[in-house]
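Novice: Provided below for reference: sequence and predicted model.
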Amino acid sequence: MPLLLGPLAATREQFDVLLGLVNAVADVPAKVTFEQVFDTRIAESVERKSSELVGRSGDRYRLQVASLKQLLFEESDMGSNPEVLQSRAAIREKILGDDEVAAYHRDGFLVPRYRLSAPELANLKAICGKLLDDHPDIHGVPITNPHMPYYAIQQLKTDSAPWLQWATKPELLDMTEQLVGPDIVMFQTAIFHKKAITGGRAPYHRDGKYYPIRPLAATNVWIAVTPSTIENGCVRCIPGSHKTTDAGKHHWTDGTGEELFRIELDQSEYNEADATPIVLAPGQMVFFDVMTIHGGTPNTSGMARTGFSIRYYPASSYWERVVAENHNETSSYNDFTNRPLILVRGTDRSGRNDMVTGHPAPNGGHVIP
């Protein structure tokens, strides 16, 4: 092992210091061996930068964490190497249990045991509350893509940074990786808000009906910002309904009712009695597949219901920049042709994802950590 690292691991003291730093920066389990963290290519890069990482006489323990983090996760000569990506995936702590992953693939949805901490929830409540307060004119439709206000059709007045931080939150990406794989494109954020008493229903539908993802594969994480109950119109999912390649026949409602959106699956395609209500406490979340039939009843309670949604697809698929089916019906808050895409983890396996269109900078200026 020391031979692999050459001068960098010339002494046990140097090795222990570097290994401790790797554990701290890379969020890997304690007492991990060096072989579990680095492949040869990374080790060679570490050796090239040994003077930066180890420091000089009398300064050995004041190591440059930022430099090592950049080295491990941002160097262009390693960032797209499949072996390196596999090494990182292997050492990343798994949040979802095997039983949870199995339940997601069996049912098409999952409420994980993981939930937001109190400070995280407070942050999400604050930014969602401000967005709603700042846009009282937007109602009856989702508020879409606050992470990219330079693109958002609704001309949102918000800072993209906090929303992008949520969309790239490591724990959310770790769980998404367990469900769809290590290469991940984020393509939408949205706030789904139902006002107290008057909040409309969400018609049952499959998201796969209108997303131009080829081949079709995606997941949605819906985070409860407020309590999500049966009374205030929680999301409802039909178990097993994702096990098809046919999105089913949909129609557009006449728009006279209080609805969050107008696309609706024909009633002949499903039995509402089969739907499972996803009751969530604030900070809990549900992941569901792009083909899972889901919807929700009106909010008949005196308490508003708010959820924050982030949508991802595996980068082995690609976004086909054409006007999606029935897209004109959602053009007030969607533009699928010019939708900015952000590669948030891994590499573009398909080689066909356009990460430039719609952005002021390639990939929205996002650097994959």
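Specialist: Nice, thanks for sending it over. Numbering: from 1, shown residues only.
Novice: quick one: strands adjacent to the host helix or strand of H251?
Specialist: Assigned by DSSP states H and E, H251 belongs to strand 250-252. Partners of strand 250-252 in the sheet, by DSSP bridges, are strand 263-265 (antiparallel).
Novice: what average pLDDT does the partner strand get?
Specialist: Mean pLDDT, computed over strand 263-265, is 80.
Novice: quick one, helices of the stretch 151-300 of the chain?
Specialist: Ranges of helices in the stretch 151-300 of the chain, per DSSP state H, counting those that start in this stretch, are 160-167, 170-180.
Novice: those: which one's closest to V279?
Specialist: Among the helices of the stretch 151-300 of the chain, the nearest to V279 by Cβ to Cβ is helix 170-180 (19.8 Å). To be clear about C-beta, it is placed using only N, CA and C from the backbone, and glycine gets the same treatment.
Novice: list the contacts for the residue lying closest to I143 once chain neighbours are set aside?
Specialist: Leaving aside its sequence neighbours, I143 sits nearest to I191 (Cβ to Cβ, 6 or more residues apart in numbering; 4.3 Å). By Cβ atoms under 8 Å, 6 or more residues apart in numbering, the residues touching I191 are 128, 131-132, 142-143, 146, 306-309.
Novice: please apply the same query to R115.
Specialist: 281, 283-285.
Novice: ok, back up a step: what's the most distant pair in the contacts of I191?
Specialist: Top of the distance list for those (Cβ to Cβ): L132 and S309, 14.5 Å.
Novice: give me the beta-bridge partners of the residue nearest to I143?
Specialist: On the basis of DSSP bridges, I191 is bridged to I143, F308.
Novice: can you start the count at 7 instead of 1 from here on
Specialist: Will do, 7 is the new start, and the previous item becomes I197.
Novice: quick one: it and V328, what's the gap?
Specialist: Counting by Cβ to Cβ, to the nearest Å, the gap from I197 to V328 is 27 Å.
Novice: and if you look at N277?
Specialist: Distance, N277 to V328, using Cβ to Cβ: 33 Å.
Novice: how near is the residue lying closest to N151 once chain neighbours are set aside to G205?
Specialist: Spatially, and ignoring its direct neighbours in sequence, N151 is nearest to A158 (4.5 Å; Cβ to Cβ, 6+ apart). According to Cβ to Cβ, A158 and G205 sit 22 Å apart.
Novice: one step back: including distance to E106 and neighbour count, could the contacts of R121 go into a markdown table?
Specialist: Shown next, in a markdown table, are these (distance: Cβ to Cβ, whole Å; neighbours: other Cβ atoms under 10 Å):
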| residue | distance to E106 | neighbour count |
| --- | --- | --- |
| A287 | 18 | 12 |
| G289 | 17 | 18 |
| Q290 | 13 | 20 |
| M291 | 12 | 23 |
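Novice: low-confidence ranges in the stretch 7-156 of the chain?
Specialist: 7-98 (pLDDT under 70).
Novice: any idea how far P188 is from the closest residue to E278 other than its chain neighbours?
Specialist: The shortest distance from E278 to any non-neighbouring residue, by Cβ to Cβ, 6+ apart, is to Y210 (6.9 Å). To P188, Y210 is 32 Å away according to Cβ to Cβ.
Novice: these two: which is more packed in?
Specialist: Set Y210 next to P188 and count neighbours by other Cβ atoms under 10 Å: Y210 wins out with 24 against 21.
Novice: name all residues that make contact with the more buried one.
Specialist: Residues in contact with Y210 (Cβ under 8 Å, 6+ apart) are 242, 244, 270-271, 276, 278, 281, 299-301.
Novice: are any of those residues buried, and if so which?
Specialist: Taking 16 or more other Cβ atoms under 10 Å as the criterion, what is buried in the contacts of Y210 is 242, 244, 270-271, 276, 281, 299-301.
Novice: which one of the residues you listed is nearest V350?
Specialist: When the buried ones among the contacts of Y210 are compared against V350 (criterion: Cβ to Cβ), the nearest one is H300, at 23.4 Å.
Novice: pull up the gap between that closest one and P221, please.
Specialist: 21 Å.
Novice: so what's the closest residue to L179 other than its chain neighbours bridging to?
Specialist: Nearest non-adjacent residue to L179, counting by Cβ to Cβ, 6+ apart: R351, 5.3 Å away. As for beta bridges, R351 partners with I190 under DSSP bridges.
Novice: what pLDDT does R351 get?
Specialist: 96.
Novice: tell me if I'm right that it and D180 touch.
Specialist: No: using Cβ atoms under 8 Å, R351 is not in contact with D180; the gap is 9.1 Å.
Novice: of these two, give the one with the bigger neighbour count.
Specialist: Remark: of R351 and D180, R351 carries more neighbours, 23 against 18, as counted by other Cβ under 10 Å.
Novice: and the contacts of stretch 148-159?
Specialist: Here stretch 148-159 has contacts from 137-138, 141, 160-166, 169-170, 172-173, 194-199, 266-267, 315, 337-341, 344-346, 364-366, 370, using Cβ under 8 Å, 6+ apart.
Novice: I'd assumed Y319 was in contact with R355.
Specialist: No: judged on Cβ under 8 Å, R355 makes no contact with Y319 at a distance of 11.3 Å.
Novice: ok, the two, which is more surrounded?
Specialist: Taking other Cβ under 10 Å, R355 and Y319 do not tie; Y319 has more neighbours (29 against 18).
Novice: wait, is that one part of a helix?
Specialist: No: under DSSP: H, G, I helix; E, B strand; the rest coil, Y319 falls outside any helix and is assigned strand.
Novice: in contact with the nearest residue to it once chain neighbours are set aside, which residues?
Specialist: Closest residue to Y319 apart from its sequence neighbours, by Cβ to Cβ, 6+ apart: A224 at 3.9 Å. Contacts for A224 (Cβ under 8 Å, 6+ apart) come out as 186, 193, 213-214, 217, 295-296, 317-320, 323.
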